[in-house]
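Participant: Sequence first, predicted model second:
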Amino acid sequence: MAVAVDEDFSFRFRCDSSRCTLACCHGHAIALNPYEVLRIKEYLGLSSEELEERYLLSHYDPSGLPLLMLSRDPCPFLRGRRCSIYPARPLACRLFPLGRLCDGEVKTVFMADACCPGIGRGERLDLGEYIAEQEAEEYVAMWERWVSFVEAVEEAGPSRMRQVFLKILLYNFDFSPRGAEPSASPEEQFLTRLALAEELISRTGAEAK
Ligand code: SF4
Ligand code: SF4
């Protein structure tokens, strides 16, 4: 069960993968935002097409949002007992046993009953300390920007043609619109693509209704 926690929440945690069932790498598939996909792509040095074909699942959400999903049944990046993309792991993996979700408002949750022997061990950390320890600050900031974009897509309503364009604009990093060239930082590339996608939505919004 995931329990919502506030900014004052603190908990004791130390990962010890030698004595667990790797609960954090198994379970339902997770949606990756384009920033997370880009970080994995750059880490592995694959083209967008190769990354999607080899490791990810493409999903067209009824809301009008194209998504790339990471299966965790188990996760394709799990090698033995270790994560083969650890420096580029997505936010959900960085935050576990915490999580972030948005159901009208952004919440941080704690999976107190996760089958993880790391919970209750190690040093006590508050939310900010844990996010810093997991080097998740940029991931959290990009996720928050992504959430506001998702709301704009949902508001605009579904449009199959727009969904196809959004998929290219957001997830095809082999195509580089101005400002999102590979020489730009991953954050700049992601933010530029989102801004262009929002422009596309506002231009096509009327047609889709
Ligand atoms: S976070 Fe918990 S479940 Fe995941 S590897 Fe560490 S100890 Fe195991
Ligand atoms: S990306 Fe790494 S940490 Fe995340 S579920 Fe896969 S193997 Fe586990």
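Facilitator: Alright, I've got the coordinates. Ligands and ions are numbered 1, 2, ... in the order given.

Participant: show me where pLDDT drops low in this protein?
Facilitator: Across the chain, residues meeting the criterion (pLDDT under 70) sit at 205-209.

Participant: how about the helices of it, start to end?
Facilitator: Along the chain, the stretches classed as helices by DSSP state H are 34-44, 48-55, 91-95, 127-133, 137-156, 160-171, 186-208.

Participant: Could you check the angle the longest one makes with helix 137-156?
Facilitator: It refers to helix 186-208. Interaxial angle, helix 186-208 versus helix 137-156 (axes from the mean of the first three to the mean of the last three CA atoms, to 10 degrees): 0 degrees.

Participant: Going forward, the N-terminal residue is numbered 12.
Facilitator: Okay, residue one is now 12; in that scheme the one you just asked about reads as helix 197-219.

Participant: What parts of the protein come near ligand 1?
Facilitator: Applying CB under 6 Å from any ligand atom, we find that the chain lies next to ligand 1 at Cys26, Asp27, Ser28, Cys31, Leu33, Ala34, Cys35, Phe107, Cys127, Pro128, Gly129. In this view, the C-beta of every residue, glycine as well, is placed from N, C-alpha and C.

Participant: can I have stretch 65-72 written out in PDB, keeping just the CAs?
Facilitator: The C-alpha coordinates for stretch 65-72 follow below in PDB (Å, rounded to 0.1, in the frame of the first residue of the first chain):
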ATOM      1  CA  ARG A  65      14.900  -3.800 -27.900                       C
ATOM      2  CA  TYR A  66      13.800  -2.600 -24.500                       C
ATOM      3  CA  LEU A  67      10.600  -0.600 -24.400                       C
ATOM      4  CA  LEU A  68       6.900  -0.900 -25.000                       C
ATOM      5  CA  SER A  69       5.000   1.600 -27.100                       C
ATOM      6  CA  HIS A  70       1.600   2.600 -25.800                       C
ATOM      7  CA  TYR A  71      -1.000   5.100 -27.200                       C
ATOM      8  CA  ASP A  72      -3.000   6.300 -24.200                       C
END
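
Participant: Dig out what the residue nearest the centre of the chain forms beta bridges with.
Facilitator: Of all residues in the chain, the one closest to the mean position by CA atoms, centre = their mean is Leu43, 3.8 Å from it. Listed by DSSP bridges, the beta-bridge partners for Leu43 are Leu79.

Participant: and it, what does it touch?
Facilitator: Remark: with contacts taken as CB atoms under 8 Å, 6 or more residues apart in numbering, Leu43 is in contact with Ile51, Leu67, Leu78, Leu79, Met80, Leu81, Pro101.

Participant: of those, closest to ligand 1?
Facilitator: Taking CB to the nearest ligand atom as the measure, ligand 1 lies nearest Pro101 of the contacts of Leu43, at 13.9 Å.

Participant: what's around the closest one, how many residues?
Facilitator: A count of nearby residues for Pro101, using other CB atoms under 10 Å, gives 23.
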